[in-house]
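Visitor: quick one, fold the following:
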Amino acid sequence: MQNNQIVANTLLLQHQHNAGKTQIELVKQLTKLGIWNIEVRREYFSDDLREMEALNCAKLGKRLTLFYSVPDVIFKSGQINPKLLQYFAEASLFGGQLCEIECWRIRRLPRKFGTGAWNNCSKKHSVKC
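Guide: Numbers count the residues shown, from 1 in each chain. From the prediction side, this is the model:
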């Protein structure tokens with residue numbers, strides 16, 4: 001298997017994060033190992049916006065692909081989670097390609113949302129879901 005087929009989640013280095021390393025440091029450590037597809041975790045950003053912008057700058061000029069793991073759900077009480085657009089905007093801020101958000105609690109997509117509403121929501125921020 002080639003390294004470009006591996007996606008590493010920064011959760012792999014949780015012990016280092018718990019010891020005080022920033023997520024940017026974890027990403028740099030993974031790239032030194034030759035891993036270029038990395039899933040960053042929302043809960044690991046200590047200063048959300050500044051750290052996300054810094055991660056985007058660190059990514060520039062590299063072939064790094066970032067994914068965004070968000071510990072929240074897509075739907076709450078039968079409605080689209082009101083924070084969903086915020087999560088898409090955050091992913092865009094650091095150049096995230098995909099958002100991973102829990103959907104296991106969904107029994108079926110509410111009819112009023114359909115695929116059109118969902119596609120419009122994700123396209124607005126150029127983030128694939």
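Visitor: so for stretch 42-49, mean pLDDT?
Guide: Per-residue pLDDT values over stretch 42-49 give a mean of 84.
Visitor: can you list contacts of that stretch?
Guide: Stretch 42-49 is contacted by residues 10, 17, 22-23, 26, 51-52, 68-71, 87, 90, 93 when judged by C-beta atoms under 8 Å, 6 or more residues apart in numbering. For every residue, glycine as well, the C-beta is placed using N, CA and C.
Visitor: ends of it, what's the gap?
Guide: Stretch 42-49 has an end-to-end distance of 11 Å (criterion: C-alpha to C-alpha, to the nearest Å).
Visitor: follow-up on the earlier one: restricted to helices, list the contacts of stretch 42-49.
Guide: Secondary structure assignment (DSSP state H) places 17, 23, 26, 51-52, 87, 90, 93 from these within helices.
Visitor: max-length strand in this structure?
Guide: The strand of greatest length in the chain, counted in residues with DSSP state E as the criterion, is given as strand 65-73.
Visitor: if any of the contacts of stretch 42-49 are buried, put those into a ChimeraX selection.
Guide: Buried subset of those, written as a ChimeraX selection, criterion 16 or more other C-beta atoms under 10 Å:
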select :10,17,22,23,26,51,52,68,69,70,87,90,93
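Visitor: who does the longest strand of the chain touch, helix- and strand-wise?
Guide: The contact analysis (3 or more C-beta pairs under 8 Å, 6 or more residues apart in numbering; DSSP states H and E) places strand 65-73 against strand 37-41, helix 84-93, strand 96-102.
Visitor: can you rerun that using 6 Å?
Guide: Using 3 or more C-beta pairs under 6 Å, 6 or more residues apart in numbering; DSSP states H and E, the elements in contact with strand 65-73 are strand 37-41, strand 96-102.
Visitor: which residues does residue 68 form a beta bridge with?
Guide: Here residue 68 shows beta-bridge partners residue 40, residue 99, assigned using DSSP bridges.
Visitor: pull the contacting residues for it.
Guide: If you count contacts by C-beta atoms under 6 Å, 6 or more residues apart in numbering, residue 68 has them with 91, 96, 99.
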